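Enquirer: 3D, please:
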Amino acid sequence: MPIVVNLDVMLAKRKMSLTELSERMGITMANLSILKTNKAKAMRFSTLEDICRILECQPGDILEYLNDKDYKKLMR
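Expert: Predicted coordinates for the structure are as follows:
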């Protein structure tokens with residue numbers, strides 16, 4: 001799946017930990033970790049909305065499309 005979740009990038013830009021985001025969203029660390037490590041197969045729009053609201057960003061700051069070749073390089 002060549003859609004990448006750049007949650008770690010936005011967290012770093014906002015100087016926020018995954019733990020803090022988890023607490024503010026009311027979602028488990030395990031579920032956020034799945035997103036952060038690009039192991040998620042899907043994401044609810046409500047989850048994306050909460051992330052964008054808390055991190056004050058746009059969905060395009062979180063989600064990125066990569067071609068198959070670049071995605072395979074990233075996932076190595």
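Enquirer: please, where are all the helices along this protein?
Expert: With DSSP state H as the criterion, the chain has helices at 7-13, 18-25, 29-36, 45-55, 59-62, 68-74.
Enquirer: would you turn those into TSV with mean neighbour count?
Expert: All C-beta spots, glycine's among them, are computed from the backbone N, C-alpha and C. Below are the helices of the chain laid out as TSV (neighbours: other CB atoms under 10 Å):
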stretch	mean neighbour count
helix 7-13	16
helix 18-25	14
helix 29-36	15
helix 45-55	14
helix 59-62	14
helix 68-74	11
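Enquirer: quickly, which of the ones you listed bottoms out on average pLDDT?
Expert: Comparing mean pLDDT across these, the lowest value falls on helix 68-74: a mean of 75.
Enquirer: what does that one contact?
Expert: Outside helix 68-74, the residues within contact range by CB atoms under 8 Å, 6 or more residues apart in numbering are Met1, Pro2, Val4, Asn38, Leu66.
Enquirer: which of those are buried, as a ChimeraX select command?
Expert: A single ChimeraX command selects the buried members of the contacts of helix 68-74 (16 or more other CB atoms under 10 Å):
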select :4,38
